[in-house]
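A.B. asks: Okay, predicted coordinates and the sequence, questions at the end:
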Amino acid sequence: MKLTKLLALLAVLAMVVAACGPAEVADTTAPGATEAPDTTAAADTTAPAGEAGAGGALLLQMWQAPSIVNPLLSTGSKDVLAGSLVLEPLAYYGPDTAIVPALAAEVPTLENGGIAEDLTSITWTLQDGVVWSDGTPLTANDAVFTWEYCTTEATGCAFSGNFVGVESVEAVDDLTVRVNFEAPSPYPYLPFVSGQSPILQAAQFADCIGEAARGCTEQNFAPIGTGPYMVANFLVEDTVQYEFNPMYRDVDEGKPFFTTVEIKGGGDATASAESVLLRDEADYAWNLQVAPEILLPMEDEGLGTVYTGFAGNIEHLNLNQTDPRSENSSDFMDGNNPHPVFHNNPEFARALSLAINREELTAVGYGATGLPTCDAWAPLENECPPQDIEAANAILDELGYMDTNNDGTREHPEFGELVFDFVTSTNTVRQNFQDLIASYWGGIGIGTNPRNVDANVYFSGRGDADSLVRFNSDIQMYTFVPTPDPQAHLLGYITAEMTDSSNNYGGANATRVSIAEFDALYEELAGTADPDERAAIVDQMNQVLVDSGAVIPLVWRASVSAFANDIQGIGELNGWDTEYWNIEDWFRSG
């Protein structure tokens, strides 16, 4: 089976040319599926001429409130968003997967000499004259420092995976950054690209590397940045208030438009949608996991518009491969703390997967903004088998997990009754999913203890007991925001990216899955340049991962947010990166 045109285009992008603008658009529609809903673009995309920072207040409603403004220390998209108004990368992934320069003067390619012919380095040139909000110049040394910060294990950098395979980062001169790879890198656009990989100011964070990182409250809550806004006030898991950055490089062009920006947290997704679409209280509402029969009538009121953007978001279940009940909690311990049921038990996971009705989950939770999937990367062309309770029961019978006391729940010889702690974030759609999945599994004699955790804690990067990086339960459910290249996402399941107390909960592999075959395929992918060969390897990796039983994919879902009708300049909703990636272009009409 083959990957879609999207993956081929991405590989070609890395080897031959780099997309550098909205004219180059990749196809992100799953083959054989109905087309993804059109993203509704604002009618007027040209900001009125005027003085920067004179446009008044912008209110952004995010029911998952930020916990930190330094995105390198958090796995939560909410925190990446909060940081992206202040901190910037060299480039962003655009909504069409194009690489769009931010701090860089242009995108390096083979054609312009920015990528070495042997693919072992990529050289970025910074825009001349960019300064931090304190007036000091941005230099290549800041990029070198950020690499050192994020690759120091004790720092607990959530996105250290962006630097896997990087041998060194060097400042060729004040405006030139060279990233050197240990081996040829077919896709060199991971380090310092996207809101997940911004550049920190070396002067501010100099004393915040390693064990000191999380104790640097002032730096983490109010980083000095190059972006259009500066943090004015931060109430953890409540509100972030920003003021416009007068040192921003596009001030002479009247950017940014707004004087202040406020991210207001709290409530839930439905209340956030209502604040824009029904009550005209906010200008934007993020991550609207709201059942379609509730959300669409709100839009019909005419106060705002729902934007959607399909990218690679997969709502999925992780089955903990370590034992959360042990004295070492869910630490990997070099493989010496296996989960008594899930570890090396792919047939059991297959039974759980077969019992799930993905069509019903999609209809209930997402409607036209979701598609059922059994793949850990989207979009792939693999067929997803329908719900089959009879087949699931047959597998469990074959495994010998029987209901010996006739109480409706099967037993495992070592674990006892097969009842699992099932945790996700607090959200109506996700609680509906928990209820439905509990009913599906109840039909095959598997029980659950469903629990939901406030999203501010669940997606915290601080290693809170109930955070997804700690994974102190049997099963957890969420989605991820991948980069356009599958290599960066699949890296989150290799053994080297294991996250636990040993590395201050840095890294990306919170499932604690360790599969030698998968690790070997990842190494092969990292050294393969041919687009067709890369596509084939990714398909293999997807199959190995799903077959292992560590991940049960559910729904390929779009990003969904709402904007008040007078907010313009948005373009398309960016599902591949932070939705605030172009906030300096937003303005209010009328």
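C.D. replies: The structure has been received and is ready for your questions.
A.B. asks: I'd assumed Ala391 was in contact with Leu354.
C.D. replies: Yes: counting by CB atoms under 8 Å, Leu354 does reach Ala391; the two are 5.3 Å apart. For every residue, glycine as well, the C-beta is placed using N, CA and C.
A.B. asks: Who has more neighbours out of the two?
C.D. replies: For Leu354 versus Ala391, the count of surrounding residues by other CB atoms under 10 Å is larger for Leu354: 20 against 15.
A.B. asks: Which residue, other than its chain neighbours, is closest to the more buried one?
C.D. replies: The shortest distance from Leu354 to any non-neighbouring residue, by CB to CB, 6 or more residues apart in numbering, is to Ala392 (4.2 Å).
A.B. asks: how deep is that neighbour tucked in, by neighbour count?
C.D. replies: By the criterion of other CB under 10 Å, Ala392 has 24 neighbours.
A.B. asks: Quick check: Cys374 is in a strand.
C.D. replies: No: going by DSSP: H, G, I helix; E, B strand; the rest coil, the assignment for Cys374 is coil, not a strand.
A.B. asks: ok, the residue nearest to it when sequence neighbours are not counted to Glu182 distance?
C.D. replies: Of all residues not flanking Cys374 in the chain, Cys384 sits nearest, at 3.9 Å (CB to CB, 6+ apart). Separation of Cys384 from Glu182 (CB to CB, to the nearest Å): 37 Å.
A.B. asks: So for the two, which sits in the more crowded spot?
C.D. replies: Neighbour tally, Cys384 and Glu182, criterion other CB under 10 Å: the higher count belongs to Cys384, 16 against 13.
A.B. asks: that older thread, joint contacts of Leu354 and Ala391?
C.D. replies: Contact criterion CB atoms under 8 Å, 6 or more residues apart in numbering; residues shared by Leu354 and Ala391: none found.
A.B. asks: where does Ile122 land in three-state SS?
C.D. replies: Ile122 ends up strand, using three-state DSSP.
A.B. asks: and the spatially closest residue to it that is not a sequence neighbour, how many neighbours does it have?
C.D. replies: The shortest distance from Ile122 to any non-neighbouring residue, by CB to CB, 6+ apart, is to Pro188 (4.0 Å). Counted with other CB under 10 Å, the neighbours of Pro188 add up to 27.
A.B. asks: Is it correct that Pro188 is in contact with Ala116?
C.D. replies: No: contact criterion CB under 8 Å: Pro188 and Ala116 do not qualify, at 9.0 Å.
A.B. asks: any shared contact partners between these two?
C.D. replies: Ile122.
A.B. asks: Next, count neighbours for the residue nearest to Asp407 when sequence neighbours are not counted.
C.D. replies: Take Asp407 and drop its neighbours on the chain: the residue closest to it by CB to CB, 6+ apart is Glu417, 7.9 Å away. Neighbours of Glu417 under the rule other CB under 10 Å: 16.
A.B. asks: would Trp441 count as being in a strand?
C.D. replies: No: counting by three-state DSSP, one finds Trp441 to be helix, located in no strand.
A.B. asks: what sits against it?
C.D. replies: 352, 355, 447-448.
A.B. asks: Helices - which of those residues land there?
C.D. replies: Leu352 (DSSP state H).
A.B. asks: What backbone torsions are found at the residue lying closest to Ser121 once chain neighbours are set aside?
C.D. replies: Leaving aside its chain neighbours, Ser121 sits nearest to Asn180 (4.8 Å; criterion: CB to CB, 6+ apart). The phi/psi pair for Asn180 (degrees, to the nearest 10) reads phi -100, psi 130.
A.B. asks: where's Asn180 relative to Glu167, distance?
C.D. replies: 5 Å.
A.B. asks: could you dump stretch 114-123 to CSV, C-alpha only?
C.D. replies: The C-alpha trace of stretch 114-123 is given here as CSV (Å, rounded to 0.1, in the frame of the first residue of the first chain):
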residue,chain,number,x,y,z
GLY,A,114,21.4,26.0,1.7
ILE,A,115,21.3,22.2,1.9
ALA,A,116,24.6,20.4,1.4
GLU,A,117,24.7,18.1,-1.7
ASP,A,118,25.4,15.1,0.6
LEU,A,119,22.4,16.1,2.8
THR,A,120,24.6,16.3,5.9
SER,A,121,23.9,19.9,6.8
ILE,A,122,21.5,22.8,6.3
THR,A,123,22.5,26.4,6.6
